[in-house]
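Student: Okay, sequence plus prediction incoming.
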Amino acid sequence: MSDRDEFGAFLVGFVVGGLTGAVVALLFAPQSGEETRALIKDKSIELRDRAAHSAEEALARAEAAASEARQRADELAKVAKERAAELANEVKERGKGAIEAVRKTTKKDSGNPTPA
């Protein structure tokens, strides 16, 4: 798990460093302030649109995964219910067999009185 944490920290640092470098490059580029502000505005709009698109994709994937998990849970519940019904029937049949065995034993014992 620590390898994932280290990689995640590296990835976050890499992205933040890249964005910082891009902003510094824009600010020190040989353009007028107005051109630089327009470029920053355009890039920020583009970045916002990408982020919105990524969020929509992530939401769609999450909804699909939730739907799949719900469907799988329903299937498992159905199988468990069927298995429980089978087990209940099996126990009922075994109980009937045990009751019959006890009745036979009781009838056999009542037909042969023990001498006093």
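Tutor: The structure has been received and is ready for your questions. Numbers count the residues shown, from 1 in each chain.
Student: okay, now R94: neighbour count?
Tutor: 10 (other Cβ atoms under 10 Å). For glycine as for every other residue, the C-beta is placed from the backbone atoms N, C-alpha and C.
Student: Look up how far E100 lies from it.
Tutor: Using Cβ to Cβ, to the nearest Å, one gets 11 Å for the distance from R94 to E100.
Student: joint contacts of these two?
Tutor: Residues touching both R94 and E100 by Cβ atoms under 8 Å, 6 or more residues apart in numbering: none at all.
Student: what's stretch 12-24 in contact with?
Tutor: 40, 43.
Student: Run the chain-centre distance for it.
Tutor: Centroid separation for stretch 12-24 versus its chain: 33 Å, with Cα atoms, centre = their mean, to the nearest Å.
Student: Extract the CA atoms of that stretch and return them as CSV.
Tutor: Output of stretch 12-24 as CSV, limited to C-alpha atoms (Å, rounded to 0.1, in the frame of the first residue of the first chain):
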residue,chain,number,x,y,z
VAL,A,12,0.5,15.0,-7.5
GLY,A,13,3.9,16.6,-7.3
PHE,A,14,4.5,16.1,-11.0
VAL,A,15,1.2,17.6,-12.0
VAL,A,16,1.5,20.6,-9.6
GLY,A,17,5.1,21.2,-10.9
GLY,A,18,4.0,21.0,-14.5
LEU,A,19,1.2,23.5,-13.9
THR,A,20,3.5,25.8,-12.0
GLY,A,21,6.0,25.6,-14.8
ALA,A,22,3.4,26.4,-17.4
VAL,A,23,2.2,29.5,-15.5
VAL,A,24,5.7,30.8,-15.0
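Student: Now that stretch: average pLDDT?
Tutor: Across stretch 12-24, pLDDT averages out at 84.
Student: repeat for stretch 80-94
Tutor: 93.
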